[in-house]
Every structure is written in structure tokens, then in C-alpha cells.
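**Student:** Below are the sequence and a predicted model; questions follow.
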Amino acid sequence: MHDEFDPNTLPPSKTRLKQEALELQQLGTDLLEVPEADWLALQLPERLMEALRETRRTPPRGGARKRQLQYVGKIMREMDAEPIREYFQQRGLKSQRQIDAHHRLERWRDRMIEEGETVVEEFLQQHPQADRQQLRQLVRQAHKERDQNKPPKSSRALFRYLREAAEEAAEPDQPD
């Protein structure tokens, strides 16, 4: 007469439902930070896009904004939010790649200033389109500024040049 207890047949707990609702609400808040063109690319429902637009118009302080974000979360519970999660995950990966590239260039710059000619040659082997003379001149000036405890004007210029060379190397050749 007594059925066996099966925990898999139980509905989700109130705590779990609340966590999911808050997570969707946060996803909606994150959507406010991206351009509207990305909303279209994600093929968000028109109702959600209108709610997001209204949220942007709502003052950031006070209860109205909170209620509007709860409404955005409610709309999102009625749809599949997985494409939005994937979008933010990819966006985070892209951002991390940019940060990593920036750090690589900083290391190149610092090594060039510290070690000099051998590192310049190493960089030129990887980036043959870079101007050897300009690169050496920037390294020489940055080294001199560092030794004289002057502001790192040339060091910054060297970094910008390295970034331009790296971006140029990353671009595919354009037909003339």
C-alpha cells in the first residue's frame, strides 16, 4: 500500500527555484550591458527586448528598477536561456584572450628594455613586417628614460608599436 519514496520525482525545492530565478535575473542585468544589436543577434523575443529597453530607461536607484529586473527574469523563465549563457561565456573567453595578448606584449616590451638587441631580433623573427630601425630606436629611448628615472613616454610608445605590429601580423593579407 505504501509507495516507495523516489527523490527524483519530487519537484524542485523553493530554494532551487529561487536560485534559478535570481540567476536569470542576473543574466538579464548582464544583457543591459551589451549593445542592442547583440540582442538581435541572439534572437531574443521582442517582449524581452522591450522589457530590457524599459529597464534601461528606469533610474538605477530605487524599487522601480528592481521590479523591472524581476520582470525581465520572469520573461526569461519562459524561454531557453542557454544561448544567452553561451554568448556570455564566449564573450568572457574573448575578453580573456585580449588580456592575455596584452600581457604578452607587456612582457615583450619589458624584455626588450631589459635585454636589448637579442629580444628585438627575436621579435623581428616573429613579426618580419616590423620596422627594425624604429623598434631599436624606441627600445633605446625607453632604456635611457628608465635609467634617468624619467616618465615612461618611450616605453608606452614602444608598447603601442608592438601592439600595432602584432595586430598587423594577425590581419590576413588584403588584396590590392
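**Tutor:** On my side now, so go ahead.

**Student:** Outline the domain layout of this protein.
**Tutor:** The record's domain parsing of the chain by automatic domain parsing lists 10-85, 95-170.

**Student:** Ok, which of these comes nearest Glu4?
**Tutor:** Closest approach to Glu4 among those (CB to CB): domain 10-85, 13.1 Å. Any C-beta I mention is one placed from the backbone N, CA and C, and that applies to glycine too.

**Student:** quick one on the thing from earlier: could you dump the domains of the chain to CSV with mean pLDDT?
**Tutor:** Formatted as CSV, the domains of the chain follow (pLDDT from 0 to 100):
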stretch, mean pLDDT
domain 10-85, 88
domain 95-170, 89
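
**Student:** Mean neighbour count and distance to Glu4 added to those domains, as JSON lines?
**Tutor:** As requested, the domains of the chain are exported to JSON lines (neighbours: other CB atoms under 10 Å; distance: least, CB to CB, whole Å):
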{"stretch": "domain 10-85", "mean neighbour count": "14", "distance to Glu4": "13"}
{"stretch": "domain 95-170", "mean neighbour count": "15", "distance to Glu4": "48"}
